[in-house]
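Asks: Build me a model from this:
(one chain, ligands or ions: 1)
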Amino acid sequence: MENKVLDAFNKASTDYDKYRKQAIPNMEIYYNTAIKLTQKYENPEILDLGAGTGILTQLIHNQHPQSNITLVDLSTEMLKKAKEKFKNKNFKYIEADYLKHDFKNKYDIIVSSLSIHHLTDKEKQELYKKIYEMLKPNGIFINADQVRGSTEYTEQTYKKQDETHLKKQDIPEEEKEILRNRRKLDKPATLKDTLQWYEEIGYKNVDIYYKYYRYIVIAGEK
Ligand SMILES: C[S@@+](CC[C@H](N)C(=O)[O-])C[C@H]1O[C@@H](n2cnc3c(N)ncnc32)[C@H](O)[C@@H]1O
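Replies: Residues are numbered from 1 along each chain as shown. Here you go, the predicted structure:
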């Protein structure tokens, strides 16, 4: 079956880490906001959905060096990079579509960064329900992801900002084109819909801890 997201990330894996800081505005504060939300957990069982080459995984491992971490990703090539990076660590890897995979464990912390916006809105709702079921009581789901503007005007504002940011970066023009093409695969939901889905599912203490144009960190607990 053709999977454009899988193909795009298999191809992207070689230079993915090299240009990431330029591709994502304020990446350090953005990702670290997600990590800070995990500080109250002691030795948590952690699941990283769409872990890719393990950029967020590395940060969460630094925060919880004793924890078991499971990385899930569709892309063999992205996970291969993660495995190289963490070759001395006892992490678990699942090469699968997280929407279809039958997870057997329960987790204290489920994180995801810049992955879930590749799903349709219906699939996102399905996944958010599935994640809720996979959380232990008082567990947390933290998603650093992208949203769509709530009106055509705000979506255009986000798009202009995406392009303004990319244009300014000192990265090869062909890499910028790869990023622009990959953006065509994005299907972000609005923040308003996302908050409503979380509420319907039953997440508690839901909040937006970071927002910069379309980039958000949203977290909810069980
Ligand atoms: C932009 S990368 C982000 C990787 C990493 N989380 C980071 O912050 O650098 C998105 C990743 O999500 C993965 N992905 C997208 N849809 C997926 C799905 N349905 N199941 C598993 N992985 C998925 C892609 O293969 C890709 O590695």
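Asks: Show me which positions of the lowest-mean-pLDDT helix or strand in the chain end up buried.
Replies: The helix or strand of the chain with the poorest confidence is helix 4-12; it has a mean of 86 (mean pLDDT, DSSP states H and E). Going by neighbour count (16 or more other Cβ atoms under 10 Å), the buried part of helix 4-12 is 5-6, 8-10, 12. The way it works is simple: take the backbone N, C-alpha and C, and place the C-beta from them, glycine included.
Asks: What backbone torsions are found at residue 99?
Replies: Dihedral angles of residue 99 (phi, psi; degrees, to the nearest 10) stand at phi -70, psi -30.
Asks: Show the model's pLDDT score for it.
Replies: pLDDT recorded at residue 99 is 97.
Asks: Quick check: it vs the ligand, distance?
Replies: Remark: distance between residue 99 and the ligand (Cβ to the nearest ligand atom, to the nearest Å) = 5 Å.
Asks: That residue contacts residue 128, doesn't it?
Replies: No: the criterion here is Cβ atoms under 8 Å, and residue 99 misses it with residue 128 at 10.9 Å.
Asks: Spell out which residues of this protein are next to the ligand.
Replies: Within the chain, the positions near the ligand by Cβ under 6 Å from any ligand atom are 5, 9, 50-52, 55-56, 72-75, 78, 97-99, 113-115, 118.
Asks: Just the buried subset of these, please.
Replies: 5, 9, 50-52, 55-56, 72-75, 78, 97-98, 113-115, 118.
Asks: Return the subset of these lying in helices.
Replies: Those of those mapping onto helices are 5, 9, 55-56, 78, per DSSP state H.
Asks: before we move on, the earlier item: give the buried residues for the next helix or strand after the least confident helix or strand of the chain.
Replies: Where DSSP states H and E defines the elements, the next helix or strand beyond helix 4-12 is helix 16-23. For helix 16-23, burial by neighbour count (16+ other Cβ under 10 Å) applies to 16, 19, 22-23.
Asks: Could you name the helices and strands sitting against the helix or strand just after helix 16-23?
Replies: Next in sequence after helix 16-23, counting helices and strands by DSSP H and E, comes helix 27-36. Identification of packing neighbours for helix 27-36 by 3 or more Cβ pairs under 8 Å, 6 or more residues apart in numbering; DSSP states H and E yields helix 16-23, helix 55-63, strand 107-113, strand 135-146, strand 204-212, strand 215-221.
Asks: got any ranges where this structure has weak pLDDT?
Replies: Counting by pLDDT under 70, the low-confidence segments of the chain come to 1-2.
Asks: No more questions from me, cheers.
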